[in-house]
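model this:
(one chain, ligands or ions: 1)
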Amino acid sequence: MGIKLITLVVIVLGVLAIAQLMRVYELSSKLRKTGENEISNRDNKLNAKMMLGFMIFMFGGFIGLIWKYGWVGRGDAASVHGHDLDWLLNVNFIIIILVFFLTNFLLFFFSFKYVKKPGVPAFWYPHNNKLEMVWTIVPAIVLTVIIILGLKEWGEATGDAGKEAVRIELFSKQFAWEARYSGKDNVLGKFDYKLTHDEKNPLALITMETIDLAIDNMEHGPVGIDSLEHKLNNRKIILSPEDRDKMRKDLKRKEQLVRLLYQMRNGHDDAMDTTAWDDFIQRDTLYLCKGQQYEFNFRSKDVIHSAYFPHFRAQMNTVPGMTTRFKFTPDKTTEDMRKERGVEDFNFMLLCNKICGTSHYKMKMLIIVLEEEDYNDWLSTKEKATFWDTFNTEAPAEGETEENPAEENQENT
Ligand SMILES: [Cu+2]
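Alright, predicted model coming up:
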């Protein structure tokens, strides 16, 4: 603190001293009867040398920092497309750095070289078509190449995944991630926001049973239509006009919602239900298999989040009301990465990369990439934990507490 204060005082005093010196200079030049605007030959030469000195200092600093901190500090990528993406990023960096050196060299070196010399008039050079063409066409070509390469990469990363890709849904909410694996059929069951009110169906999946449950909750649940009607019609319950008004509005909204749910039920084909029943939901840790392509379907419950997988070079916004996609193939296991980096407790992470609220910083998910054999072992532990199993467990709270310790042991090994 003390040192900071002293530094500040020194800077302020320094600025004041310079201002005073300039004032003295102005006064003395007035006394000498030369104009303030007339720059002496000596000053010009000094400025020219300072231009050159600054250029050397800036270039030296740039090279020195790269020397000290490495090329860009990302570390090697851990996904197939990540290596291509890094290559593209390096191409961009090389172009930018070349342009940086070239333009700054011209700027500062010419200022030095063409300093005003007594008796030499300035050369009048207003226009050159060839030069204009060169500095328009060359950047245009370079930018076109960069953009086309970038679009190609982007198209590949976000385009349709092959049939063999495993589908996973990443559901984001304030402030956690939930992963839904598509199960044996590799098809993610459909969902609908109108079904979000039950803890047995946290991801609002559509099946005949979940629609029935939602209708039942809406009609007979603790804050359902029945209870609202009862409160509004029972004369023994005294309500303020505001509360009554609020309740009427709530009732109207719920009646409308229940009509929509009945409509959904009428149009629902329960042959599709198995696509949802075999899905399973995974919290805290996402398990992936090395060499397997994954198609991630992103969803958001509340605000915009962003799924950021730094080591796999993937990032995608999750947007309420729409599904976004990104696919990648991990090509290193967690173990591979630990060996490669020499860090024993290294772990892949999924982070939220949008400031989405107060606990944004906590919104992350551990990712463990396994060899095929280990991955299949883990997968077999999930066979009895499908959406069907969790939905049909009579007491979900008890069932989960019994299952969880076993799962945690799995994760720790
Ligand atoms: Cu977030």
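
Please work out how many residues are found near residue 157.
20 (other C-beta atoms under 10 Å). For every residue, glycine as well, the C-beta is placed using N, CA and C.

helix or strand for it, which one?
helix 129-158 (DSSP states H and E).

Could you tell me the average pLDDT over that helix, please?
Throughout helix 129-158, pLDDT has a mean value of 92.

got it, and stretch 111-118?
For stretch 111-118, the mean confidence score works out to 89.

residues making contact with it?
Residues outside stretch 111-118 that contact it (C-beta atoms under 8 Å, 6 or more residues apart in numbering): 39, 41, 44-45, 47-49, 51-52, 55, 122.

Identify, from those, the entry nearest to the ion.
Nearest to the ion among the contacts of stretch 111-118: residue 55, at 44.1 Å, using C-beta to the ion.

what pairs with residue 300 across the strands?
residue 172 (DSSP bridges).

wait, isn't it in contact with residue 173?
Yes: Residue 300 is within contact range of residue 173, at 7.1 Å (criterion: C-beta atoms under 8 Å).

Settle it for me: which of these two has more neighbours?
residue 300 (24 against 18).

Quick one: end-to-end length of stretch 158-173, please.
Counting by C-alpha to C-alpha, to the nearest Å, you get 22 Å between the two ends of stretch 158-173.

er, stretch 340-350 I mean
Termini of stretch 340-350 sit 20 Å apart (C-alpha to C-alpha).

cool, stretch 154-165 as well?
18 Å.

chain center to it: distance?
Put simply, stretch 154-165 sits 19 Å off its chain's centre (C-alpha atoms, centre = their mean, to the nearest Å).

Also stretch 53-71?
Worked out by C-alpha atoms, centre = their mean, stretch 53-71 lies 30 Å from the chain centre.

what angle do the helix or strand in which residue 109 is found and helix 129-158 make?
Using DSSP H and E, residue 109 sits within helix 80-113. Between helix 80-113 and helix 129-158, the angle comes out at 160 degrees (axes from the mean of the first three to the mean of the last three C-alpha atoms, to 10 degrees).

in stretch 289-302, what counts as buried?
Across stretch 289-302, burial judged by 16 or more other C-beta atoms under 10 Å covers 289-290, 292-301.

In TSV: these, plus secondary structure and pLDDT.
Shown next, in TSV, are the buried residues of stretch 289-302 (DSSP: H, G, I helix; E, B strand; the rest coil; pLDDT from 0 to 100):
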residue	secondary structure	pLDDT
289	strand	91
290	coil	91
292	coil	91
293	coil	91
294	strand	92
295	strand	92
296	strand	92
297	strand	92
298	strand	93
299	strand	91
300	strand	91
301	coil	88
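
biggest separation within the residues you listed, which pair?
Among these, the pair separated by the greatest distance (C-beta to C-beta) is 290 and 301, at 30.8 Å.

Any regions of this protein where pLDDT drops low?
1, 33-37, 197, 394-413 (pLDDT under 70).

Mind telling me what element residue 167 is part of?
strand 166-173.

Report the angle between that strand and strand 294-300.
Using the same axes, to 10 degrees, strand 166-173 lies at 20 degrees relative to strand 294-300.

Numbering from 474 from now on, please.
Got it, the first residue is 474 from now on, which makes the last one we talked about strand 639-646.

I figured residue 776 hits residue 828, correct?
No: judged on C-beta under 8 Å, residue 776 makes no contact with residue 828 at a distance of 9.7 Å.

More neighbours: these two, which one.
residue 776 (16 against 12).
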